[in-house]
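# pasting the structure only:
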């Protein structure tokens, strides 16, 4: 099976990033991912979309994606240009929603203290390796099995279409 590798510049956020911060409820009337993406992380940083649109790795702390089970949170991040999310731990529903929507999410203990905004990060998803600024290698929990297959297909719907 081919490796899944994503690369990008880091945008760092803190602990307890809930789904209402990722995509505020007032935007849930929209179904178009491009509209959702333009409002991703808006309460935290109104310029997030402009910073992320060319592809970034989002790094969070503890409890990333907590709160409601809104699937639009993962959709909005991906549409905004987030190639992967690294965090110390994720809310379970957000984690699965991200995988189902083709957004790699890796649990990396201590990651929020290891990187800074603007660092370049290479993520080898299926090996669980994070390479920071071309030199430092950090281990993460790899994504394997069916979850990896879903990511490689770009999401659950594409995965199921292939079955």
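Arrived safely. These numbers come from a predicted model, not from an experiment.
# quick one: the helices in this structure?
For the chain, the helices defined by DSSP state H cover 19-22, 33-38, 48-52, 72-80, 92-100, 111-114, 145-152, 156-161.
# Tell me which of those is the most buried.
Ranked by mean neighbour count, the helices of the chain are led by helix 72-80 with a mean of 27 (mean count of other C-beta atoms under 10 Å). Heads up, the C-betas are built off the backbone N, CA and C, glycines and all.
# How far does that helix sit from its chain's centre?
Computed by C-alpha atoms, centre = their mean, to the nearest Å, the chain-centroid distance of helix 72-80 equals 8 Å.
# Touching that helix from outside, list them.
Here helix 72-80 makes contact (C-beta atoms under 8 Å, 6 or more residues apart in numbering) with 19, 22-23, 27-28, 33-34, 36-41, 48-49, 52-53, 58, 65, 85, 94, 97-98, 100-103.
# In this structure, where's the longest strand?
strand 5-12 (DSSP state E).
# Can you tell me the strand partners of that strand and which way each runs?
Sheet pairing of strand 5-12 (DSSP bridges) gives strand 56-59 (parallel), strand 120-124 (antiparallel).
# The ones you listed into JSON lines, with extra columns for distance to residue 70 and mean neighbour count?
Output for the strands paired with strand 5-12, formatted as JSON lines (distance: least, C-beta to C-beta, whole Å; neighbours: other C-beta atoms under 10 Å):
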{"stretch": "strand 56-59", "distance to residue 70": "17", "mean neighbour count": "26"}
{"stretch": "strand 120-124", "distance to residue 70": "24", "mean neighbour count": "19"}
